[in-house]
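**Q** my questions are about this predicted structure, shown below with the sequence.
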Amino acid sequence: EYVYENWNHRSDEDGKLYRHRSFHATAHSYLDLHGPTVWEEAFTFAVVRHPLARQVSNFFFLLERCEDDPEECEGDANDRLIPFKKISTEKSTDEEKIAAFHEWMEVLYQTYPPGNRNQYLFGSKGHGNEEYLTFNATQTSWLVDQSGQNMVVDSVIKLENLSTHMSLLKDKIPCLQKAPEKMIEKNKTSKYPHYTLFAKNERTNEIMKEIYGIDYENFGYELIPKE
């Protein structure tokens, strides 16, 4: 059974009330809520992916959401800066989509540069995790303890290898006992080009290396992925 938790925490630093939820909680957030003993007794794991694949997926996921509900992406609500009025998942060509992504990357970088308190928006919403200085745009920041230096999950699994790790997960997580050994690999057809085709822009590659360098290092991904 999946237990869904919601909790609020008023920060000692700025006095703001931050709303956390288990569906998008970092290791730091869980450690603060449950303490190190509970964390260490539990089996913890994370699924990561190539940083560029994640960034491209984010862009088109958010674009489609804005198309479905434009009012949710107007004004200050569009803090991820999606150019939904200029590009279309249905009507734009692949070349236009790739160009729009690169333009978005530059706008993000100029708006939320390294050191900016809201720099986490380069990668995701805060979901309450923005309370902590350990949280930023990287996948690594989801996996570290309160020091921000130590990844504290038991197992880190690459998304592309998830099927081969199902036996481990089934062994460690009781509710997965009846799950199939192999993940279902058929997803709905993407409305954008394969992420490797977005790796041909020098400026975007520079930004990716600067923002997500720690992810490439920690998870063993190449900056320029093979097509």
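**A** Received, thanks. Numbering: from 1, shown residues only.
**Q** please count neighbours and contacts with C-alpha atoms only from this point.
**A** Will do.
**Q** tell me how far the most far-flung residue of the chain relative to its centre lies from V3.
**A** Relative to the centre of the chain, the most outlying C-alpha is that of K178, 28.0 Å out, by C-alpha atoms, centre = their mean. Distance from K178 to V3, counting by C-alpha to C-alpha, to the nearest Å: 18 Å.
**Q** swap in P113?
**A** Distance from P113 to V3, by C-alpha to C-alpha: 36 Å.
**Q** try K86
**A** 40 Å.
**Q** my read: K158 touches V47, true?
**A** Yes: the pair K158 and V47 passes the contact test of C-alpha atoms under 8 Å, sitting 5.6 Å apart.
**Q** tell me which of these two has more neighbours.
**A** Using other C-alpha atoms under 10 Å as the criterion, K158 and V47 rank with K158 on top: 17 against 13.
**Q** for beta bridges, what are the partners of the more buried one?
**A** V48 (DSSP bridges).
**Q** how close does it get to S88?
**A** 30 Å.
**Q** S124 now?
**A** 21 Å.
**Q** what does D154 give?
**A** As judged by C-alpha to C-alpha, D154 and S88 stand 40 Å apart.
**Q** and what of S163?
**A** For S163, the distance to S88 equals 33 Å [C-alpha to C-alpha].
**Q** same deal with W142?
**A** For W142, the distance to S88 - C-alpha to C-alpha - is 31 Å.
**Q** E71 too?
**A** As judged by C-alpha to C-alpha, E71 and S88 stand 16 Å apart.
**Q** okay, S22: pLDDT?
**A** S22 is assigned a predicted lDDT (pLDDT) of 90.
**Q** neighbours of T138, how many?
**A** 20.
**Q** low-confidence ranges in the chain?
**A** 1-2, 182-189 (pLDDT under 70).
**Q** quick one: contacts for the nearest residue to G148 once chain neighbours are set aside?
**A** With sequence-adjacent residues excluded and distances taken as C-alpha to C-alpha, 6 or more residues apart in numbering, G148 is closest to T134, at 5.0 Å. Taking C-alpha atoms under 8 Å, 6 or more residues apart in numbering, we find T134 in contact with 28, 141, 144, 146-148.
**Q** how does it look with 7 Å?
**A** By C-alpha atoms under 7 Å, 6 or more residues apart in numbering, the residues touching T134 are 141, 146, 148.
**Q** if I look at it, how far off is A27?
**A** Distance from T134 to A27, counting by C-alpha to C-alpha: 10 Å.
**Q** and W7, by the same measure?
**A** 15 Å.
**Q** who has more neighbours, these two?
**A** A count of neighbours by other C-alpha under 10 Å puts A27 above the other of W7 and A27, at 23 against 11.
**Q** wouldn't that one be in contact with D145 here?
**A** Yes: taking C-alpha atoms under 7 Å as the definition, A27 is a contact partner of D145 at 6.1 Å.
**Q** which parts of the host helix or strand of R54 are buried?
**A** Per DSSP states H and E: R54 is located in helix 51-68. Buried residues in helix 51-68, counted by 16 or more other C-alpha atoms under 10 Å: 51-52, 55-60, 62-64, 66-67.
**Q** could you dump those into TSV with distance to K16 added?
**A** Below are the buried residues of helix 51-68 laid out as TSV (distance: C-alpha to C-alpha, whole Å):
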residue	distance to K16
P51	31
L52	33
Q55	29
V56	32
S57	31
N58	27
F59	29
F60	31
L62	27
L63	30
E64	31
C66	28
E67	32
